[in-house]
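Enquirer: what's the 3D shape of this:
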Amino acid sequence: MIPGGEARAFLTPGWALGLTLFAAFLQGTIAVLLFDATGDPAASLFALSALVAFGLAFALGAARVPAPPGPHLGFRGAPAQAWLAVPFLLAAALIASEIDNLYKLLLPPPPELGESAPPSDTARLLEWLLVFTLVIPVIEEVYYRGLILPGLTRAWGKLGGVGFMALLNGMAASIVIGHWAFAYVASTALLLGVLRICSGSILPGLLLNAALGLLGVLAARDFFGIPGFDDTSAPHTPLAYLVPAALSVGVGLRLCRSSALFVTPLEIEVEESEPDSSR
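Expert: Numbers count the residues shown, from 1 in each chain. Here you go, the predicted structure:
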């Protein structure tokens, strides 16, 4: 509760849309300025632009988060089932990649766009790993699943909230990187949103996001040799890979559903922790 006895309202969908567009355009602008100044499209410049842009957006929206902010943002423990779901849900990378393949058939990226692979030297590879397994996952989970998702679910329910959050996540990636980034980012954001809702915490999603980032860096270096995933000579991933991946994700979602049974709704926790002002 804030002074005066009125509860702060979470970010409305309009606020979430405005802040996300602001952050995405600001990140794109900063990234271009940094590239023009250095001539080096380093992963660290991408991370720096994201930190500044989404950090500012978070600061603008943080005043709408009820006190205490930690639990409302998802900084609280999660049931064991949610953590156990993470390795099963990691197989969604294959499914999201195939969705991305289909999307690029409809809206292909520019022909001059080359595959951006991590450099082979150790120092730059560690830079990629740091950015895409730590910096970007933390930014995304704190902003999308921590700051804006609670307000969206209160306005439109769990299904509508998670769907709109994934749309915003994919749209921001499209603005910063290009439209070809939309399908993969939005589809993985859907899964991360479900995990956030079921676990009541952003922490399992942070682990999953980091693991997806690791897979992405390895795939960019052709580590797995899976057709249609990191082997880009094939347009699609065979069903021999996709079916087991779908079954694994199904197990993970089942564990997510089980974890939800052990999550106390945040509103109940707040009501029980607040003193009775009528006494």
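Enquirer: so what's the nearest residue to residue 13 once chain neighbours are set aside up against?
Expert: Excluding the flanking residues, the one nearest residue 13 by CB to CB, 6 or more residues apart in numbering is residue 155, at 5.4 Å. Glycine gets a C-beta too; all of them are placed from N, C-alpha and C. Neighbour list for residue 155: 12, 13, 161 [criterion: CB atoms under 8 Å, 6 or more residues apart in numbering].
Enquirer: and residue 201, by the same measure?
Expert: Residue 201 makes contact with 74, 75, 76, 77, 78, 82, according to CB under 8 Å, 6+ apart.
Enquirer: that's a strand at the fifth one, yeah?
Expert: To tie it back to what came earlier, the one meant is residue 78. No. Read with DSSP: H, G, I helix; E, B strand; the rest coil, residue 78 is coil and lies in no strand.
Enquirer: state the distance from it to residue 205.
Expert: As judged by CB to CB, to the nearest Å, residue 78 and residue 205 stand 9 Å apart.
Enquirer: between these two, point out the one with more neighbours.
Expert: Each of residue 78 and residue 205 has its neighbours counted (other CB atoms under 10 Å); residue 205 has more, 30 against 24.
Enquirer: that one in helix, strand or coil?
Expert: Using three-state DSSP, the structure places residue 205 in helix.
Enquirer: can you pull out the helices in the stretch 101-250 of the chain?
Expert: Assigned by DSSP state H, counting those that start in this stretch, the stretch 101-250 of the chain shows helices spanning 122-130, 136-140, 149-176, 182-199, 203-220, 239-260.
Enquirer: could you tell me the least trusted of those helices?
Expert: Here the lowest mean pLDDT among these goes to helix 122-130, at a mean of 88.
Enquirer: OK, contacts around the closest residue to residue 219 other than its chain neighbours?
Expert: With CB to CB, 6+ apart as the criterion, residue 219 has its nearest non-adjacent residue at 3.7 Å, and that residue is residue 230. Shown in contact with residue 230 (CB under 8 Å, 6+ apart): 218, 219, 220, 221, 222, 223, 224.
Enquirer: and among the helices of the stretch 101-250 of the chain, the most buried is which?
Expert: Burial of these is given as mean neighbour count (mean count of other CB atoms under 10 Å); helix 182-199 ranks first at a mean of 24.
Enquirer: right, I'll leave it there.
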